[in-house]
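> Build me a model from this:
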Amino acid sequence: MKEQNNILKEITQLTTNIETNYPELYRNLDENPITLAKSNHPDVNIQALQDYLESLKQLLKHHR
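Okay, the predicted model is just below:
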């Protein structure tokens, strides 16, 4: 659980950075900060979070 929380924290920091410093990228992310899960137990595992984090890093890397 700790690893998952660390990944989520890093995703939050990175998306906040993108939103603040790269608004042109943020508009293209399919995200909404107030989106709620459609079920009580959405199927999101550590690998999915890690993959998403890596995709955000790559997006930012190729934009610079």
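> If you count neighbours, what's buried in stretch 47-54?
Across stretch 47-54, burial judged by 16 or more other CB atoms under 10 Å covers 49, 52-53. In this view, the C-beta of every residue, glycine as well, is placed from N, C-alpha and C.
> Take the residues you listed and keep only those in helices.
If you go by DSSP state H, the buried residues of stretch 47-54 have 49, 52-53 in helices.
> who's in contact with the helix or strand of the chain with the lowest mean pLDDT?
Sorted by mean pLDDT, DSSP states H and E, the helices and strands of the chain end with helix 23-26, the least confident at a mean of 88. For helix 23-26, the external contacting residues (CB atoms under 8 Å, 6 or more residues apart in numbering) are 15, 18-19, 59-60, 63.
> what's the top helix by length along the chain packed up against?
What stands out as the longest helix in the chain, according to DSSP H, is helix 2-21. Helix 2-21 is packed against helix 23-26, helix 46-63, with contacts defined by 3 or more CB pairs under 8 Å, 6 or more residues apart in numbering; DSSP states H and E.
> on that earlier part again, now which of the contacts of helix 23-26 would you call buried?
Buried subset of the contacts of helix 23-26 (neighbour count, 16+ other CB under 10 Å): 15, 18.
> Could I get the contacts of helix 23-26 in TSV, plus columns for distance to residue 8 and pLDDT?
Shown next, in TSV, are these (distance: CB to CB, whole Å; pLDDT from 0 to 100):
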residue	distance to residue 8	pLDDT
15	11	92
18	16	92
19	16	91
59	18	90
60	18	90
63	23	83
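> now, which of the contacts of helix 23-26 sits nearest residue 5?
Distance to residue 5, by CB to CB, is smallest for residue 15 among the contacts of helix 23-26, at 15.7 Å.
> Who are the contact partners of the residue nearest the centre of the chain?
Nearest to the geometric centre of the chain sits residue 11, at 4.2 Å (CA atoms, centre = their mean). Counting by CB under 8 Å, 6+ apart, residue 11 touches 49, 52-53, 56.
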